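In: Here you go, sequence then predicted model.
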Amino acid sequence: MGAASLDLCYVACGRMDAFFEYNLKPWDVAAGSLIVQEAGGEIFDFNGRDNWLFGGEIVATNSKIYKEFESLIKENFS
């Protein structure tokens, strides 16, 4: 813990089912988010959109809990 890129890799390999964080820069998430997407995971921002690279906030999930986790994030952080 402590590096968003490592946490994103944990989602990609199945160690974690989901990850979210805010106050990030593009270099914090660029590589890890690509790995999540290549592994079949989902990446979005707190509003469920695609502004996660430059928006400062990111949510990553596996494809099985994507919809449920997206709803939780929208309810609590939007």
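Out: Sure, I can see it. Nothing here was measured: the structure is a model prediction, and the numbers come from that model. Residues are numbered from 1 along each chain as shown.
In: C-alpha only now, for contacts and for neighbours.
Out: Noted.
In: so how far is residue 6 from residue 77?
Out: From residue 77 across to residue 6, the span is 23 Å (CA to CA, to the nearest Å).
In: the more surrounded of the two?
Out: Each of residue 77 and residue 6 has its neighbours counted (other CA atoms under 10 Å); residue 6 has more, 15 against 8.
In: so which strand or helix has the more buried one?
Out: In the assignment (DSSP states H and E), residue 6 maps to helix 4-13.
In: packing partners for that helix?
Out: strand 18-22, helix 26-38, strand 57-61 (3 or more CA pairs under 8 Å, 6 or more residues apart in numbering; DSSP states H and E).
In: What are the buried residues along that helix?
Out: Residues of helix 4-13 classed as buried by neighbour count (16 or more other CA atoms under 10 Å): 4-5, 7-12.
In: How about stretch 65-78?
Out: Within stretch 65-78, the residues that qualify as buried are 66, 69-70, 73, counting by 16+ other CA under 10 Å.
In: and residue 35, how many neighbours?
Out: 19.
In: so it sits right up against residue 11, yeah?
Out: No: counting by CA atoms under 8 Å, residue 35 does not reach residue 11; the two are 9.2 Å apart.
In: wait, what's in contact with residue 39?
Out: Listed by CA atoms under 8 Å, 6 or more residues apart in numbering, the contact set of residue 39 reads 12-13.
In: Including pLDDT, could the buried residues of helix 4-13 go into TSV?
Out: Shown next, in TSV, are the buried residues of helix 4-13 (pLDDT from 0 to 100):
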residue	pLDDT
4	94
5	94
7	96
8	97
9	96
10	96
11	97
12	97
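In: Residue 18: which of these is nearest?
Out: Nearest to residue 18 out of the buried residues of helix 4-13 is residue 11 (CA to CA; 6.0 Å).
In: Among the buried residues of helix 4-13, which pair sits farthest apart?
Out: 4 and 12 (12.4 Å).
In: Let me know the angle separating the helix or strand containing residue 73 from strand 18-22.
Out: Here residue 73 sits within helix 66-77, counting by DSSP H and E. Angle between the axes of helix 66-77 and strand 18-22 is 30 degrees (criterion: axes from the mean of the first three to the mean of the last three CA atoms, to 10 degrees).
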